[in-house]
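# Give the three-dimensional model of this entry:
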Amino acid sequence: MATTNNANGNGKGRMALGNVKAGKLVSPLRVLLYGVEKVGKSTFAAGAPKPIFICPEDGTAELDVARFPEPATWEDVLEAVETLTTEPHEYETIVLDTLDWIEPMVLAHVIRNSPPSKSGKKPTTIEEANGGYGKGYEAAVDQWRRLLDRLAKLRATRSMNVVFLAHSWIKSFNNPAGENFDRYELMINRKAAGVIKQWCDDVLFARHDVETRQDGQRSKGISSSARFLHTTHSAAWDAGNRHDLPERMPLSWTEFWSAVREARPADPEKLVAEALRLAAGSLVEEKATAAAARVGGDVSKAAQLLDWVKGRLSMQAEQQQENAA
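Below is the predicted model:
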C-alpha cells in the first residue's frame, strides 16, 4: 500500500495534491546581462524598478541610483543581500555590478578559509587552495551557489528582481564538431559562469552595432551609436531566455520589460505564426505546416515547433555553405 510522507500521515502535507498549482507562474526576473566594455550595462539596470546596486567598481558614478557602500569582502556582498531580505525597504530590484569585480572577493574568501597543505604552508593562490588540482575553483563555485541561495530567499521574501551585470572577453571555443573559433564569454571562471547562467531566466549579451564593409582586400568595421541586446544563442556569444523575446532589441530596460510583458503568458498562435513565417518557401515548410495543425493551444508544442524549424533551417544553411565551398 502506498504511503504519504508527511508529518501526520493523513495526506495533508506540503506536497499533497490539494497544493498543486497549474499554469504559468509570473515571478520576479532573474537577469544576467554581459557585454563589451562601456556598452551601457549599468544604465540598462538603472532603468529597472526601484533598483539598489552592489558595486565593487565605480560604473554607476554618473547614475542617480541607490547603492550599498562599496563591498570590500565576499562577506560584505552576502550581508547586503541578507539586509534586503530581513529589513523593511521599498527597493524592487537588486543589481550586482559586476560579477567579474566580485569574483576576486570570492576567490580571496576561498584562499583565506582553505586549510594549510600537508607541509603546513598556507595557500596564497586559488590554484593552491583546498589542496590544489582545481579544488579551489570548485570551492568558489560553492560560494556562488551560496549567493544564489540567498538571492532565491530574497526573491521569495521580497519579490525582488535580480540583475547580474558582467563584462565579456573573447575566448577560443573548442568545437567538437569542427574547427575551433573565438566567441564572447562571461568574464569569470567558466564553471561559475555555467552555474549562474543556469539559474537566470534571461541571459543577455550586449554590444555596439557594427557593420563590416570591404575596403580593398581588407574588411573594415563601421560602428554606429546604436547598442543592442541579443537574447538567443549564436556561435559568437552565449545567450538565451524563457520569455520568448525577440532575437535582438535595443539596449533598454523599457524595451526589454515591454517584450517580457508581451510574452507573459506566451501566445501559442504567435509562436506558430513565427515558425510558419520562417519555414515559408523552405524544404521544411510542408512538415512545419502539418505540425502546426497539431499544436492546438499548447504553448510547449508551439515553442518546440519554432525551435525545430530554426534548427532545421540552420542545418540547411550550413549544408549549403559546405556545398558552395
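# Near residue 72, how many other residues are there?
11 (other C-beta atoms under 10 Å). For glycine as for every other residue, the C-beta is placed from the backbone atoms N, C-alpha and C.
# Name the SS class of it, please.
The assignment at residue 72 comes out as coil when based on DSSP: H, G, I helix; E, B strand; the rest coil.
# got a list of what it touches?
residue 105 (C-beta atoms under 8 Å, 6 or more residues apart in numbering).
# what sits against the spatially most central residue of the chain?
Among the residues of the chain, the one closest to the centroid is residue 203, at 2.7 Å (C-alpha atoms, centre = their mean). Taking C-beta under 8 Å, 6+ apart as the contact definition, residue 203 lies against 32, 34, 197, 238, 239, 240, 241.
# quick one: it is in a strand?
Yes. Under three-state DSSP, residue 203 sits within a strand.
# Distance check, it against residue 316.
According to C-beta to C-beta, to the nearest Å, residue 203 and residue 316 sit 27 Å apart.
# Return the per-residue confidence for the residue nearest to the centre of the chain.
The predicted local confidence for residue 203 comes out at a pLDDT of 96.
# Could you list the low-pLDDT ranges of the chain?
Regions of the chain meeting the criterion pLDDT under 70 cover residues 1-12, 21-26, 176-178, 210-225, 263-266, 300, 317-325.
# All the helices of it, residue numbers only.
41-46, 74-86, 99-112, 135-158, 190-199, 253-262, 268-279, 285-292, 299-324 (DSSP state H).
# hey, which of those is tucked in deepest?
Each of these was scored by mean neighbour count; the highest is helix 41-46, a mean of 23, by mean count of other C-beta atoms under 10 Å.
# Which strands and helices lie in contact with it?
Applying 3 or more C-beta pairs under 8 Å, 6 or more residues apart in numbering; DSSP states H and E, one finds that helix 41-46 contacts strand 30-35, strand 51-54, strand 93-97, strand 161-173, helix 253-262.
# Outside of that helix itself, list whatever touches it.
Residues outside helix 41-46 that contact it (C-beta under 8 Å, 6+ apart): 33-35, 51, 53, 59-60, 63-65, 93, 95, 97-98, 163, 165-166, 206, 251-253, 256.
# What's the ChimeraX syntax to select whichever of the residues you listed are buried?
Per 16 or more other C-beta atoms under 10 Å, the buried members of these correspond to this ChimeraX selection:
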select :33,34,35,51,53,59,60,65,93,95,97,98,163,165,166,206,251,252,253,256
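# And stretch 286-304, end to end?
One end of stretch 286-304 to the other measures 16 Å (C-alpha to C-alpha, to the nearest Å).
# Test my guess that residue 297 contacts residue 271.
No. With the criterion set as C-beta atoms under 8 Å, residue 297 and residue 271 do not qualify as a contacting pair; they are 11.0 Å apart.
# Now do the buried residues in stretch 117-126.
So stretch 117-126, judged by 16+ other C-beta under 10 Å, has buried residues 123, 126.
# then it to PDB, C-alphas only?
What follows is the C-alpha trace of stretch 117-126 in PDB, where atoms were taken according to Å, rounded to 0.1, in the frame of the first residue of the first chain:
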ATOM      1  CA  SER A 117      48.900  21.900   3.000                       C
ATOM      2  CA  LYS A 118      50.400  18.800   4.400                       C
ATOM      3  CA  SER A 119      53.700  20.700   4.800                       C
ATOM      4  CA  GLY A 120      51.900  23.400   6.800                       C
ATOM      5  CA  LYS A 121      52.000  26.000   4.100                       C
ATOM      6  CA  LYS A 122      49.000  28.300   3.900                       C
ATOM      7  CA  PRO A 123      47.800  28.700   0.300                       C
ATOM      8  CA  THR A 124      48.300  32.100  -1.400                       C
ATOM      9  CA  THR A 125      46.600  31.400  -4.700                       C
ATOM     10  CA  ILE A 126      43.300  29.800  -5.800                       C
END
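# distance of the nearest residue to residue 240 once chain neighbours are set aside from residue 245?
Residue nearest to residue 240 in three dimensions, not counting chain neighbours: residue 203, with 5.1 Å by C-beta to C-beta, 6 or more residues apart in numbering. Distance, residue 203 to residue 245, using C-beta to C-beta: 11 Å.
# One more: residue 175?
Using C-beta to C-beta, we find residue 175 at a distance of 26 Å from residue 245.
# Compare neighbour counts for the two and give me the winner.
With neighbours defined as other C-beta under 10 Å, residue 175 and residue 245 compare such that residue 245 has more, 22 against 11.
# contacting residues around the more buried one?
202, 231, 232, 256, 259, 260, 263.
# What of residue 100?
Taking C-beta under 8 Å, 6+ apart as the contact definition, residue 100 lies against 166, 167, 186, 187, 188.
# Repeat that for residue 242.
Contact analysis of residue 242 by C-beta under 8 Å, 6+ apart lists 201, 202.
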